[in-house]
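Novice: generate a structure from the sequence data that follows.
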Amino acid sequence: MDRILFHHQQEPTPVRRMRWWYAAAAVLALAIAIPYGWKLWKGKQPAGTTASITHDVAPGKEGAILTLGNGEEIVLDSLGNGLVASQQGTRITLQNGSLAYDDAAAKDITFNTMTTPRGRKFQLVLPDGTKVWMNAGSTLRYPTAFTGAERRVEMSGEAYFIVAKDAKHPFFVNVQGKTDVQALGTEFNINAYADEQHIQATLLEGSVRVRNGGASRVLTPGQQARIAQADGAMTIVQPDLDQVTAWKAGYFKFEGAPLREVMRQLARWYDIDIIYEGNVPDQIFEGELPQSLQLSQVIRILTKVNIKFRIEENKRLIVLP
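Specialist: Take a look at the predicted model:
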């Protein structure tokens, strides 16, 4: 099995500099003028490889669909700052790309659903002050006001939570209707895509309890509960935390990622369909890429001797041996 590296080893990579840019945009703004993919690729394409760019695809962006309790859908991509809706006294406002709930005058509760389609990600603040970042292809269902002894939400896809501290009202995330993650004032990431082999709950700060069937484990910071989709078996591992949260910071990080896993991530972010033609060889990828690249730039970087790509109309990426 070939292992494909696409970052320099001797010095900080261009992508790492791109990551720093997110924290210091003014200092490194000029770095964006030279796309990372082109700097790596220019003049280095191996003979016999192709990456057709007749039809290019733009990267994903901030955006989501909010479904209110009455079934009304609101596309948030195009809305400006201000009041989005009011439900039973709870006010929902959009401010600089983040949705927030104010339940101070709530008379009753209903449930809302936030959906980030493929090619979108979004941030919201729940009525209790909990912050949630949602990756592409995800859903989150939650009440417009938290009442009772517990705070509960339901999700699928991927989301990063910073839970508001409230020891008297524990916070629960139900994942795909079968796994519960219980938290008290903590930060964690949940990856629970239906097309992945595992549900992964990763703790960054605080403490969480992960329950699945009869299994229950308490995580300490830096640990990940990995639950097999097939049989529910739970194992505890120590993941690369930068890799786990790379999507939230705006880049891909692949550490021993097989080709099909890489393609699934690209499919969600670029909202494309992946089609395999022929017996595509196994490849393992190592490296980092900013999510701001055009699809053609990503393909130029990934293309190696034994694999080819072709971008077609209707947002189809063809993978060939």
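Novice: just to confirm, which helix or strand has residue 261 in it?
Specialist: helix 259-270 (DSSP states H and E).
Novice: low-confidence stretches in the stretch 51-200 of the chain?
Specialist: Applying pLDDT under 70 to the stretch 51-200 of the chain flags the ranges 51-54.
Novice: who touches the helix holding residue 261?
Specialist: 57-60, 118-119, 135-137, 193, 195-196, 252, 254, 272-274, 280, 282-285, 291, 295, 298, 302, 307, 315, 317, 319 (Cβ atoms under 8 Å, 6 or more residues apart in numbering). Just so you know, the C-beta spots here come from the backbone N, C-alpha and C atoms, and that holds for glycine as well.
Novice: off-centre distance for that helix?
Specialist: 11 Å (Cα atoms, centre = their mean, to the nearest Å).
Novice: same thing with stretch 297-311?
Specialist: Using Cα atoms, centre = their mean, the offset of stretch 297-311 from its chain centre is 23 Å.
Novice: can you tell me which of the contacts of helix 259-270 are in strands?
Specialist: By the criterion of DSSP state E, membership of the contacts of helix 259-270 in strands covers 252, 254, 273-274, 283-285, 317, 319.
Novice: closest one to residue 74 out of those, please.
Specialist: residue 273 (27.0 Å; Cβ to Cβ).
Novice: beta partners of the residue lying closest to the closest one once chain neighbours are set aside?
Specialist: The shortest distance from residue 273 to any non-neighbouring residue, by Cβ to Cβ, 6 or more residues apart in numbering, is to residue 316 (5.0 Å). As for beta bridges, residue 316 partners with residue 273, residue 312 under DSSP bridges.
Novice: give me the pLDDT for residue 316.
Specialist: Residue 316 carries a pLDDT score of 96 in this model.
Novice: re the thing from before, buried members of the contacts of helix 259-270 into PyMOL, please.
Specialist: Command for PyMOL that selects the buried part of the contacts of helix 259-270, burial taken from 16 or more other Cβ atoms under 10 Å:
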select buried, resi 57+59+60+118+119+135+136+137+193+252+254+272+274+280+283+284+285+291+295+298+302+307+315+317+319
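Novice: can you list the ones in strands among the contacts of helix 259-270 in JSON lines and add distance to residue 129?
Specialist: Shown next, in JSON lines, are the ones in strands among the contacts of helix 259-270 (distance: Cβ to Cβ, whole Å):
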{"residue": "252", "distance to residue 129": "30"}
{"residue": "254", "distance to residue 129": "34"}
{"residue": "273", "distance to residue 129": "39"}
{"residue": "274", "distance to residue 129": "39"}
{"residue": "283", "distance to residue 129": "44"}
{"residue": "284", "distance to residue 129": "41"}
{"residue": "285", "distance to residue 129": "38"}
{"residue": "317", "distance to residue 129": "40"}
{"residue": "319", "distance to residue 129": "44"}
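Novice: residue 168 - how many residues pack around it?
Specialist: The number of residues packed around residue 168, counting by other Cβ atoms under 10 Å, is 7.
Novice: that one: what secondary structure?
Specialist: Of the three states, residue 168 takes coil under DSSP: H, G, I helix; E, B strand; the rest coil.
Novice: how near is it to residue 286?
Specialist: Distance, residue 168 to residue 286, using Cβ to Cβ, to the nearest Å: 46 Å.
Novice: likewise residue 94?
Specialist: Going from residue 94 to residue 286 by Cβ to Cβ gives 39 Å.
Novice: just to revisit the earlier point, is it true that the residue nearest to residue 273 touches residue 275?
Specialist: Yes. Between residue 316 and residue 275 there is a contact at 5.9 Å, judged by Cβ atoms under 8 Å.
Novice: return the distance of stretch 313-321 from the chain's centre.
Specialist: Counting by Cα atoms, centre = their mean, stretch 313-321 comes out at 22 Å from the chain centroid.
Novice: quick check: closest non-adjacent residue to residue 190.
Specialist: Closest residue to residue 190 apart from its sequence neighbours, by Cβ to Cβ, 6+ apart: residue 201 at 5.2 Å.
Novice: check which helix or strand the one you found maps to.
Specialist: Secondary structure assignment for residue 201, by DSSP H and E: strand 198-205.
Novice: elements contacting that strand?
Specialist: strand 179-183, strand 187-192, strand 208-212, strand 224-228, helix 241-249 (3 or more Cβ pairs under 8 Å, 6 or more residues apart in numbering; DSSP states H and E).
Novice: related to what we said a few turns ago, between residue 94 and residue 286, tell me which one has more neighbours.
Specialist: More neighbours surround residue 94 than the other of residue 94 and residue 286, with 19 against 15 (other Cβ under 10 Å).
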